[in-house]
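In: Fold the following for me, if possible:
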Amino acid sequence: MEHSIAQTEKLLGQLCTGLASYTRKTAGLRDKGDLLVTQLMDLSRPEDPELQLGLKNLAEDLAMVQDYRQAQVERLESRVLMPLKAYGDIIKNKRVS
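Out: Residues are numbered from 1 along each chain as shown. Below is the predicted model:
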């Protein structure tokens, strides 16, 4: 039983580490996308009206993609990482008892 708990704890730790890394990288990609949106908006200001409109539309569409990435990060944290962390606490309690 002790070996099974130790193995589960090890695998759960690896899974949490991998998912946390994935979440951080997704958040980093979102941040870089936000920076690109800001740069596109800044770039559009001195341009002629037609190009300005095109750049602003591109920036708005890219901003929507970043909103989806933000939702993805929040869901990963709340629906995946937190339950796994709670499961890790259960395993630790099993080891103690």
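
In: Look up how far residue 71 lies from the residue located most distally from the centre of the chain.
Out: Relative to the mean C-alpha coordinate of the chain, counting by CA atoms, centre = their mean, the farthest residue is residue 48 (36.5 Å). Here the criterion is CB to CB, to the nearest Å. By it, residue 48 lies 35 Å from residue 71. Where you see a C-beta, it was placed from the backbone N, CA and C, and this is true even at glycine.

In: next one: residue 37
Out: Using CB to CB, which is the criterion applied here, residue 37 is 16 Å from residue 71.

In: Among the two, which residue is more densely surrounded?
Out: Taking other CB atoms under 10 Å, residue 37 and residue 71 do not tie; residue 37 has more neighbours (19 against 11).

In: how about low-confidence regions in this protein?
Out: Counting by pLDDT under 70, the chain contains no low-confidence residues.

In: Enumerate every residue touching residue 33.
Out: Going by CB atoms under 8 Å, 6 or more residues apart in numbering, residue 33 touches 62-63, 65-66, 69.

In: List buried residues within these.
Out: Those of those that meet the buried threshold are 63, 66, 69, by 16 or more other CB atoms under 10 Å.

In: Which ones among those map onto helices?
Out: 63, 66, 69 (DSSP state H).
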